[in-house]
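Enquirer: just need the structure, nothing else, for what follows:
(chains A and B)
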There are 2 protein chains.
Amino acid sequence: MSMQKHPEQSQVRAELAAIKRQKIISAASEMFSRYGYANTRLDTVADQLGVTKQFIYSEFDSKAQLLAEICMRAVTSTLTATDGVCESNLPPVEKLAEFTRQFVMAICSHQSDVTVYAHERNNVDAVDGERLDFVRHALDKRVMKILEEGLEKGAFHIKNPRITALAIQGMVSWMYVWYRPEGKLSLEELANDVAIQVLSLVEAK
Amino acid sequence: MSMQKHPEQSQVRAELAAIKRQKIISAASEMFSRYGYANTRLDTVADQLGVTKQFIYSEFDSKAQLLAEICMRAVTSTLTATDGVCESNLPPVEKLAEFTRQFVMAICSHQSDVTVYAHERNNVDAVDGERLDFVRHALDKRVMKILEEGLEKGAFHIKNPRITALAIQGMVSWMYVWYRPEGKLSLEELANDVAIQVLSLVEAK
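Expert: The predicted structure is shown next:
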């Protein structure tokens, strides 16, 4: 009843809850990526946040659920970042370049989430794991679609689009290993350099 | 004394010990890559081999030492495989192509070792970790050297060799994620296709 009377209050509460969840996920992501999932206790995550373990359990059923949400944030970040460019009418070369830039920025700005996903995927429960695979395959399909469009329009020169798609995903995904936010190039410059690499890879016309 | 009298016997013993070590490393690599290092007990590895845990402890001090050896096998495999081509006098384009083929075959034929190295590097002790980094940097240097030679001789067209080197290593290293020995292409065919990708990447003349 009070929710109907004071909708703005319940909205504030929902927003606070969402912020709380994201803070917990981020702290856990940081620690899982550094020390490994199995080696990290929720007590340590709670200490890191300066809260009680109960605070974490008020939002997450288990450490496993927290792991699944970190991995989901990793895989959805690449989809969300590339939504716009994939729906656009850009010509193939520009589309692939912009897709790559957005993909790079998603991977690098979610570096700890991607690290956890890459290292701990096997520790995710079966049901959550299937949801993760579903989202990841959606990204695979986007890459393939851009490559096939470019081939049809004669904009790319590639022998085996499947291998090229995997090569692009390898180049970009592997950045979670070597990207350093404090590096010489800004993230935008780096994303642009990687996009140039990808255009070479497909021998863009 | 008996070793000097029967050198052939001690050689047989040494060979058997080496085989024993490799069998233990391989079984552990398989299980660590599938279930994670922290989740795998040495008892399970021993069961898998049909031996006692004591058998494993006769060769390795600890689970941590076993992890370090698996990771070392992963990183040295890429160096060993590319020794020949790096010492050869092949022209840059052929050298890069052959380097890539050998690199791909090393990664794919040591898939579980590479998986363990990629996922569990942070769990390796500091001293062993430094040795691993040393070997891995040797591979980085080889890639850079080939790219710089090709640039000098005008055989490649690349804007930023450092990024290109990381792109090549990403493309190939990431194969530990998607390579399937039962796939349509033979490992040699796949290695060749990836080499073609790399030549596109550097815009080989």
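Enquirer: contacts for stretch A:102-111?
Expert: A:33, A:73-74, A:77-78, A:80-82, A:84-85, A:114, A:172-173, A:175-176, A:179, A:181, A:187-188, A:190-191, A:194-195 (CB atoms under 8 Å, 6 or more residues apart in numbering or on different chains). All C-beta spots, glycine's among them, are computed from the backbone N, C-alpha and C.
Enquirer: now stretch A:29-37
Expert: Taking CB under 8 Å, 6+ apart as the rule, stretch A:29-37 contacts A:40, A:44-45, A:48, A:63, A:67, A:70, A:73, A:111-113, A:115-116, A:119-120, A:123, B:36-38, B:120, B:122-123.
Enquirer: skipping its backbone neighbours, what lies nearest residue A:84 in space?
Expert: Excluding the flanking residues, the one nearest residue A:84 by CB to CB, 6 or more residues apart in numbering or on different chains is residue A:102, at 7.8 Å.
Enquirer: any idea of the mean pLDDT in whichever strand or helix holds that neighbour?
Expert: Using DSSP states H and E, residue A:102 falls within helix A:92-109. The average of the pLDDT scores along helix A:92-109 is 98.
Enquirer: which residues of chain A lie near chain B?
Expert: Residues of chain A found near chain B (CB under 8 Å from any CB of the partner chain) are A:34-39, A:118-120, A:122-123, A:157-160, A:163-164, A:166-167, A:169-175, A:177-178, A:190, A:193-194, A:196-197, A:200-203.
Enquirer: from residue A:145, how far out is the residue most central in space within chain A?
Expert: Nearest to the mean C-alpha position of chain A, counting by CA atoms, centre = their mean, stands residue A:74 at 3.0 Å. The gap separating residue A:74 from residue A:145 is 22 Å, by CB to CB, to the nearest Å.
Enquirer: and residue A:197, by the same measure?
Expert: 20 Å.
Enquirer: these two: who's more crowded?
Expert: residue A:197 (25 against 14; other CB atoms under 10 Å in any protein chain shown).
Enquirer: touching, that one and residue B:164? I think so.
Expert: Yes - taking contacts as CB atoms under 8 Å, residue A:197 lies within contact range of residue B:164: 6.5 Å.
Enquirer: buried stuff in the helix holding residue A:102?
Expert: A:92-93, A:95-108 (16 or more other CB atoms under 10 Å in any protein chain shown).
Enquirer: same question for stretch A:138-148.
Expert: A:139, A:142, A:143, A:146, A:147.
Enquirer: of the residues you listed, which belong to helices?
Expert: Among the buried residues of stretch A:138-148, the members falling in helices are A:139, A:142, A:143, A:146, A:147 (criterion: DSSP state H).
Enquirer: for those residues, give me a markdown table that also has pLDDT.
Expert: Listed next are these as a markdown table, based on pLDDT from 0 to 100:
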| residue | pLDDT |
| --- | --- |
| A:139 | 97 |
| A:142 | 98 |
| A:143 | 98 |
| A:146 | 98 |
| A:147 | 98 |
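Enquirer: quickly check those residues for the two that are furthest apart.
Expert: Greatest spatial distance in those: A:139 and A:147, 13.0 Å, computed using CB to CB.
Enquirer: averaged pLDDT, the helix or strand residue A:82 falls within. What do you get?
Expert: Assigned by DSSP H and E, residue A:82 belongs to helix A:63-87. Across helix A:63-87, the average pLDDT comes to 97.
Enquirer: what residues sit buried inside the biggest helix by length in chain A?
Expert: For chain A, the longest helix by residue count, based on DSSP H, is helix A:7-35. Buried residues in helix A:7-35, counting neighbours by 16+ other CB under 10 Å, are found at A:20, A:21, A:24, A:25, A:26, A:27, A:28, A:29, A:30, A:31, A:32, A:33.
Enquirer: same question for stretch A:153-162.
Expert: Buried-residue list, stretch A:153-162, by 16+ other CB under 10 Å: A:155, A:156, A:158, A:160, A:161.
Enquirer: tell me which of these is nearest to residue A:15?
Expert: Nearest to residue A:15 among these, with distances taken as CB to CB, is residue A:161, at 43.4 Å.
Enquirer: measure that closest one to chain B for me?
Expert: 11 Å (CB to the nearest CB, to the nearest Å).
Enquirer: again, but for residue A:67
Expert: From residue A:67 to chain B the distance is 12 Å (CB to the nearest CB).
Enquirer: the closest residue to residue A:148 other than its chain neighbours: what's it in contact with?
Expert: Setting aside the residues directly before and after it, residue A:148 is nearest to residue A:161 in space (CB to CB, 6+ apart), at 6.3 Å. Neighbour list for residue A:161: A:144, A:147, A:148, A:151 [criterion: CB under 8 Å, 6+ apart].
Enquirer: chain center to whichever strand or helix holds residue A:130, what's the gap?
Expert: In this assignment (DSSP H and E), residue A:130 forms part of helix A:126-152. How far helix A:126-152 lies from its chain's middle: 13 Å, per CA atoms, centre = their mean, to the nearest Å.
Enquirer: before we move on, the earlier item: buried subset of the residues of chain A next to chain B?
Expert: Looking at these with 16+ other CB under 10 Å, the buried ones turn out to be A:36-38, A:118-120, A:123, A:158, A:160, A:163-164, A:166-167, A:169-175, A:177, A:190, A:193-194, A:196-197, A:200-202.
Enquirer: backbone phi and psi for residue A:186, please?
Expert: phi -70, psi 160 (degrees, to the nearest 10).
Enquirer: for chain A, name the helix or strand with the lowest mean pLDDT.
Expert: helix A:2-5 (a mean of 54; mean pLDDT, DSSP states H and E).
Enquirer: returning to what we had before: residues that sit against both of residue A:197 and residue B:164, list them.
Expert: In contact with both residue A:197 and residue B:164: residue B:201, using CB under 8 Å, 6+ apart.
Enquirer: got a list of what residue A:118 touches?
Expert: So residue A:118 contacts A:173, A:176, B:118, B:119, B:177 (CB under 8 Å, 6+ apart).
Enquirer: where does pLDDT dip in chain A?
Expert: Chain A contains residues with pLDDT under 70 at A:1-7.
Enquirer: how about a cut-off of 50?
Expert: Residues of chain A that meet the criterion pLDDT under 50 lie in A:1-2.
Enquirer: burial of residue A:49, as a residue count?
Expert: By other CB under 10 Å, 16 other residues sit near residue A:49.
Enquirer: show me the contacts for it.
Expert: A:23, A:24, A:27, A:55, A:56.
Enquirer: if we can go back for a sec, from the contacts of residue A:118, pick the one nearest residue B:130.
Expert: Nearest member of the contacts of residue A:118 to residue B:130, counting by CB to CB, is residue B:118, at 17.9 Å.
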